[in-house]
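Peer 1: show me the folded form of this:
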Amino acid sequence: MTKQRGYYKIEMGGKERTLHFSMNFWANFTEILGIGLSELGEVFSGNLSIKAIRALVYSGILTYDQEEGNEIDYNEFKVGVWLEDVTSEQLQGIIEAMGESRVLGNDMNMGIQRKSKTTKQGK
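Peer 2: Okay, the predicted model is just below:
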C-alpha cells in the first residue's frame with residue numbers, strides 16, 4: 001500500500017495494479033451498483049456483499065487506469081477471478097485506503113457518520 005491518500009497498490013492479474021479512491025472512483029462505484037450517494041451508508045453497513053467488494057476493487061482499478069490513460073485489459077468478471085487470490089489482509093488494506101478518500105470534499109469514513117465536534121460556549 002502506498003502512503004498517498006486514497007491509493008492502494010496490489011499484484012492482480014499478473015501485474016501490479018493501482019486502485020485510486022477519488023471522486024471518479026465514487027462515480028464509477030455508484031454507477032456500477034446502481035445507487036446514489038445517499039445510499040452509500042447502506043452498502044457499507046454490516047457486512048459487504050460479494051458484489052460490493054467486486055465493484056469496489058474493479059472501480060478502484062478502473063478509475064486509476066482511466067485517469068492515467070492506461071489500457072483497460074480486464075472487466076468486472078476478471079477482477080472477480082483475481083479476487084480469489086487476495087488475502088484478507090490485502091482486502092483490509094484496500095478498504096482502509098478507500099476509507100481515507102473524500103467525496104464532495106468530505107471524508108468518507110466508510111459511510112459512517114462522524115460525530116459533530118461542537119463545544120458549548122458560556123458554560
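
Peer 1: following element in sequence after the helix or strand containing R17, please.
Peer 2: Here R17 is covered by strand 15-20, with elements defined by DSSP states H and E. Next in sequence after strand 15-20, counting helices and strands by DSSP H and E, comes helix 23-33.

Peer 1: could you give the mean pLDDT of that next one?
Peer 2: Mean per-residue pLDDT for helix 23-33: 94.

Peer 1: from I72, how far off is I95?
Peer 2: 23 Å (CB to CB, to the nearest Å). From N, CA and C alone the C-beta is placed, and that goes for glycine too.

Peer 1: find the centremost residue of the protein, please.
Peer 2: M98 (4.1 Å; CA atoms, centre = their mean).

Peer 1: name the nearest residue to it, ignoring sequence neighbours.
Peer 2: Once flanking residues are discounted, M98 sits nearest to F21: 4.6 Å by CB to CB, 6 or more residues apart in numbering.

Peer 1: and for that neighbour, the neighbour number?
Peer 2: 27 (other CB atoms under 10 Å).

Peer 1: what's the answer for Q66, then?
Peer 2: Look at Q66: counted by other CB under 10 Å, it has 14 neighbours.

Peer 1: and the next helix or strand past the strand or helix carrying it?
Peer 2: Q66 belongs to helix 50-68 when elements are defined using DSSP H and E. Where DSSP H and E defines the elements, the next helix or strand beyond helix 50-68 is helix 76-82.

Peer 1: who are the packing partners of that next one?
Peer 2: Judged by 3 or more CB pairs under 8 Å, 6 or more residues apart in numbering; DSSP states H and E, helix 76-82 is in contact with helix 50-68.

Peer 1: so the helix it packs on versus helix 23-33, what angle?
Peer 2: Interaxial angle of helix 50-68 relative to helix 23-33 (axes from the mean of the first three to the mean of the last three CA atoms, to 10 degrees): 140 degrees.
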